[in-house]
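Q: 3D model of this:
(one chain, ligands or ions: 1)
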Amino acid sequence: MSDHVVPAVINLDVPGPVISRHLYGHFAEHLGRCIYGGFYVGEDSEIPNEGGIRLDVVEALRALNIPNLRWPGGCFADEYHWMDGIGPKADRPVMVNTHWGNVEENNHFGTHEFMALCELLGTEPYISGNVGSGTVKEMSDWVEYLTRDGDSPMVRLRKQNGREEPWKVRFWGLGNEAWGCGGNMSAQHYAAEARRFGTYCRDHGDNKLYRVAAGANSADYGWTETLMKQYGELGCAYRPTHFMQALSFHYYTIPGTWQDKGDATVFDDGDYYATMVKAAHVDELITGHSNVMDCYDPGKTVGLALDEWGTWWNVEPGTNPGFLYQQNTLRDALVASLHFDIFHRHAGRLVLANIAQTVNVLQAMILTDPDTKALVLTPTYHVFEMNKGHQDATSLRVDLRADAPARQVGTDTLTTVSLSASRKDGKVLVSLSNLDAEQPADVDLDLRGGTLADVRARILTAGKLQAHNTPDAPATIAPRAHDQVTATATGLRVHLPAHSFVTVEGRLG
Ligand code: AHR
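A: Numbers count the residues shown, from 1 in each chain. Sure thing, here's the model as predicted:
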């Protein structure tokens, strides 16, 4: 037993809001080796593929039950013209990816390839439309091309390209980071654009669109307020829900500066705690944006979407600075587990979240070796897998009966034990993170309103926070069974070694 015993109460029979499975969404941008070399290797590759899509990547990701995949950007989305990515590959024009490395983009991975990828993954597409350099007609046509049945100019074009049936595409982003790479717009200007683009993105047949307006950078609550005011001002003739169903914001965990963000694998305890303080800050941001939204939409009809989040480090030495390729350690895993606890607590307003990004870019699930083509699952991958039982589960509030252990980090206080819980299909899942770099902790789960049977626990940890997986040592950090869970008079005592993530699952009795 450790010095730190954290008494936590969970009322198993008091349901909170449902945790949208879409909080476990992903992001695939035409950036570095995310699409080309990551998801897509082309039909002629010696790597097993279907229509050019890497099957080992698909198989690994299927284990995560990915609920939605955002594409084609990011900043890339606002210079992408979808018609360049349909039809015979040999005829597709080459463009320059000016945001990411100034490299040539041959458009071989386009709309049909993305939809095929979503089908292989069993995930919903989330398409970011081009507001920055595109036209309203272009986005409207894209929606028609993908989702309309019957006959129309876009339907004919789709059929000409080999697809008879329309697809279902619910999620549409109205641009990306309109305050920056998406057009350098003011909030007022963007709100007008979002109304126009949102209006002409139509529901075709029973494909009901869920339009996500491009939102704020971090703590720009003024942006959120401007958009929410517009939402309310549209009046009775035009139902306001027509132009946006959700509003996004982006927040990255960067302990350093934009010029020197810090190294992914070389860091000390001071750097580690600074990272966790930055990660924990997302709680304040979600609260801030939610509070603004509550003023204009107390009924919570507009969802909040954090459609880019994760760690952002200096690129790995020797790699293209425009490709954002970084390693991923136990520290990244704890950033992810902390985010999920916070997301679960905000499940009433937060409906969608997308980690940036799925393969080979920023806080990735999978890293592929460009030379050997080997695939490595990162520590962050394992957090997504261990937590997948929370998707669409009913959240259960966790109340601490005493102060949780904390560390002073400069002027900030970091609470070092974090928990969240949910129930679904007669099972309860509790996630517990010990963020302390050195001290173990014990959590006494005081379970009220029910009991748990067939308890099973798993742990993700390693000897040091810098631990990571490589092609030569792919399982340096991977989940294993955790036997340090014991029954108490009122529930369970869970031992958490320093810097560890534990999930406890049991059948509800
Ligand atoms: O995820 C990388 C980039 O970060 C995205 O393209 C952009 O939206 C954000 O600034």
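
Q: residue contacts, whichever residue of the stretch 151-300 of the chain sits closest to the ligand?
A: Each residue of the stretch 151-300 of the chain has a distance to the ligand, by CB to the nearest ligand atom, and the smallest belongs to E177, at 4.6 Å. Where you see a C-beta, it was placed from the backbone N, CA and C, and this is true even at glycine. When contacts are counted by CB atoms under 8 Å, 6 or more residues apart in numbering, E177 touches 75, 214, 217, 250.

Q: then D446?
A: For D446, the contacting residues are 7-10, 401, 490-491, by CB under 8 Å, 6+ apart.

Q: at 6 Å what do you get?
A: Contact analysis of D446 by CB atoms under 6 Å, 6 or more residues apart in numbering lists 9, 490-491.

Q: and for K424?
A: Taking CB under 6 Å, 6+ apart as the contact definition, K424 lies against A393.

Q: beta partners of it?
A: According to DSSP bridges, the residues that bridge with K424 are K427.

Q: write out the residues of the stretch 201-350 of the chain neighbouring the ligand.
A: Within the stretch 201-350 of the chain, the residues that sit near the ligand (CB under 6 Å from any ligand atom) are E308.

Q: at 8 Å what do you get?
A: Applying CB under 8 Å from any ligand atom, we find that the stretch 201-350 of the chain lies next to the ligand at 250, 252, 308, 312, 324.

Q: so for the helix or strand containing V351, what gets flagged as buried?
A: For V351, the element it lies in under DSSP states H and E is strand 350-355. Of the residues in strand 350-355, those scored as buried under the neighbour-count criterion (16 or more other CB atoms under 10 Å) are 350-355.

Q: now do the contacts for G73.
A: For G73, the residues meeting the contact criterion (CB under 6 Å, 6+ apart) are 29, 128, 176.

Q: equivalent analysis for Y273, please.
A: Going by CB under 6 Å, 6+ apart, Y273 touches V409.

Q: you'd agree it is in a strand?
A: No - when classified by DSSP: H, G, I helix; E, B strand; the rest coil, Y273 is found to be helix rather than part of a strand.

Q: tell me the pLDDT at it?
A: Y273 is assigned a predicted lDDT (pLDDT) of 98.

Q: just A402 next, same as before
A: A402 is assigned a predicted lDDT (pLDDT) of 80.

Q: nearest to the ligand within the protein, name that residue for me.
A: Distance from the ligand to each residue of the chain (CB to the nearest ligand atom) is smallest for G74, at 2.6 Å.

Q: give me the distance between that residue and I35.
A: Distance of G74 to I35, computed by CB to CB, to the nearest Å: 11 Å.

Q: looking at the two, which one has more neighbours?
A: Set G74 next to I35 and count neighbours by other CB atoms under 10 Å: G74 wins out with 29 against 26.

Q: show me the contacts for the more buried one.
A: Under the criterion of CB under 6 Å, 6+ apart, the neighbours of G74 are 29, 176.

Q: please enumerate the helices of the stretch 301-450 of the chain.
A: 330-345, 379-386 (DSSP state H, counting those that start in this stretch).

Q: now these in TSV, with mean pLDDT?
A: Supplementary listing: those in TSV, determined by pLDDT from 0 to 100:
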stretch	mean pLDDT
helix 330-345	98
helix 379-386	98
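
Q: so what's the residue count around the residue nearest to Y296 when sequence neighbours are not counted?
A: Leaving aside its chain neighbours, Y296 sits nearest to M228 (3.9 Å; criterion: CB to CB, 6 or more residues apart in numbering). A count of nearby residues for M228, using other CB under 10 Å, gives 22.

Q: now do the SS call for M228.
A: Per three-state DSSP, the secondary structure class of M228 is helix.

Q: let's number from 616 now, not from 1
A: With 616 as the first residue, the last one maps to M843.

Q: surely it meets C910?
A: No - distance between M843 and C910: 7.4 Å, which falls outside the contact criterion (CB atoms under 6 Å).

Q: helices or strands up against the one helix or strand in the chain whose mean pLDDT sits lowest?
A: Across the helices and strands of the chain, mean pLDDT, DSSP states H and E gives its lowest value to helix 836-848, namely a mean of 87. Packed against helix 836-848 by the contact rule (3 or more CB pairs under 6 Å, 6 or more residues apart in numbering; DSSP states H and E) you find helix 802-815, strand 825-832, helix 884-911.

Q: of those, which stretch is the most buried?
A: Ranked by mean neighbour count under mean count of other CB atoms under 10 Å, the helices and strands packed on helix 836-848 are led by strand 825-832, which reaches a mean of 25.

Q: what about the closest residue to A962 other than its chain neighbours, distance to P781?
A: Leaving aside its chain neighbours, A962 sits nearest to P632 (4.2 Å; criterion: CB to CB, 6+ apart). In this structure, P632 and P781 are separated by 32 Å, where distance is defined by CB to CB.

Q: repeat for P740
A: Where P781 is concerned, P740 sits at a distance of 12 Å (CB to CB).

Q: quick one, which of those two is more surrounded?
A: P740 (22 against 19).

Q: now for the helix or strand where that one lies, which elements pack on it?
A: Secondary structure from DSSP H and E places P740 in strand 739-744. Taking 3+ CB pairs under 6 Å, 6+ apart as contact, the helices and strands that strand 739-744 lies on are strand 683-686, strand 786-789.

Q: strands paired with the next helix or strand after the first one, and their directions?
A: Looking back up the chat, that one is strand 683-686. In the C-terminal direction, the helix or strand that comes right after strand 683-686 (DSSP H and E) is strand 710-712. Taking DSSP bridges as the criterion, strand 710-712 forms sheet pairs with strand 718-720 (antiparallel).

Q: show me the contacts for the spatially closest residue to T973 that is not a sequence neighbour.
A: The shortest distance from T973 to any residue that is not its chain neighbour, by CB to CB, 6+ apart, is 4.5 Å, and that residue is H641. Applying CB under 6 Å, 6+ apart, we find H641 in contact with 681, 684, 969, 973.

Q: any bit of the helix or strand containing H641 sitting next to the ligand?
A: In this structure, H641 is located in strand 641-642 according to DSSP H and E. Yes - residues of strand 641-642 contacting the ligand under CB under 8 Å from any ligand atom: F642.

Q: quick one: mean pLDDT over stretch 1058-1071.
A: 96.

Q: okay, that stretch in PDB with CA atoms only?
A: Once side chains and other backbone atoms are set aside, the C-alpha atoms of stretch 1058-1071 remain, and they are given as PDB (Å, rounded to 0.1, in the frame of the first residue of the first chain):
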ATOM      1  CA  VAL A1058      -7.700   4.300  -4.800                       C
ATOM      2  CA  ASP A1059     -10.500   3.000  -2.700                       C
ATOM      3  CA  LEU A1060     -13.600   2.700  -4.900                       C
ATOM      4  CA  ASP A1061     -16.600   3.000  -2.700                       C
ATOM      5  CA  LEU A1062     -19.200   1.500  -5.000                       C
ATOM      6  CA  ARG A1063     -22.800   2.400  -4.100                       C
ATOM      7  CA  GLY A1064     -26.100   1.200  -5.600                       C
ATOM      8  CA  GLY A1065     -24.700  -2.100  -6.900                       C
ATOM      9  CA  THR A1066     -21.900  -4.500  -6.800                       C
ATOM     10  CA  LEU A1067     -19.300  -5.700  -9.300                       C
ATOM     11  CA  ALA A1068     -18.500  -9.300 -10.200                       C
ATOM     12  CA  ASP A1069     -15.900 -10.900 -12.400                       C
ATOM     13  CA  VAL A1070     -13.600  -8.000 -11.900                       C
ATOM     14  CA  ARG A1071     -10.700  -7.800 -14.500                       C
END
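
Q: can you pull the buried residues of it?
A: Of the residues in stretch 1058-1071, those buried by neighbour count under the rule 16+ other CB under 10 Å are 1058-1062, 1067, 1070.

Q: cool, stretch 662-673 as well?
A: Neighbour count says stretch 662-673 has 664, 667-669, 672-673 buried, by 16+ other CB under 10 Å.
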